[in-house]
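Asks: Sequence and predicted model, in that order:
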Amino acid sequence: MRRPLIFDFAQAFQGGRFSPAGIEMEVEYDRYADARSFWRMAAIVWGTVGLTEAAVRVVVIQNVSTSTALAINRIAPFVIVAGLIAWTVWAGARAREDKPVGVAPDEPAATPGASAIRRCRFAGRLARRRRVRRVGGAAAARR
């Protein structure tokens, strides 16, 4: 796997992989070690909190009444996910503030985001081909 799953989720919430914000995220991930480090840390934090939540749920279910366990299990996931989202946004903003301006990237690229732009163009061509097939072939596309 090339990127942490949490990166793909964040990119989807930014408008998708081929949106301007998604392309910027991908370029930063590809070019800056600090960005890769942040997303690895975010994946570790989300995973650790998820496993801890599951363990706490088991303990709660075994040690409290059914109605209390049900109430806790209905409310806790929303609170925990909201907290994780808030932490991720805060930590991401802090990491972007700490990003040095004018520093050369870790890996030089011929054109910043060239691979992301090529993928975006390919996705556009692919979408047009799918529309043509659905409508009824090339003759329908010319109308």
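Replies: Thanks, I have the structure now.

Asks: What ranges in this structure fall below the confidence cut-off?
Replies: 1, 99-143 (pLDDT under 70).

Asks: just so I have it, where are all the helices in it?
Replies: 5-13, 20-31, 33-63, 66-98, 114-135, 138-142 (DSSP state H).

Asks: would TSV of those helices with mean neighbour count be doable?
Replies: In this view, the C-beta of every residue, glycine as well, is placed from N, C-alpha and C. Formatted as TSV, those follow (neighbours: other C-beta atoms under 10 Å):
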stretch	mean neighbour count
helix 5-13	16
helix 20-31	18
helix 33-63	14
helix 66-98	12
helix 114-135	12
helix 138-142	10
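
Asks: Against Met41, how distant is Val27?
Replies: Remark: distance between Val27 and Met41 (C-beta to C-beta, to the nearest Å) = 20 Å.

Asks: Let me fix that, I meant to ask about Pro20.
Replies: Counting by C-beta to C-beta - Pro20 and Met41 are separated by 25 Å.

Asks: ok, now Val64?
Replies: In terms of C-beta to C-beta, Val64 sits 33 Å off from Met41.

Asks: How about Ala12?
Replies: 20 Å.

Asks: Likewise for Arg31?
Replies: Taking C-beta to C-beta, one finds Arg31 at 18 Å from Met41.
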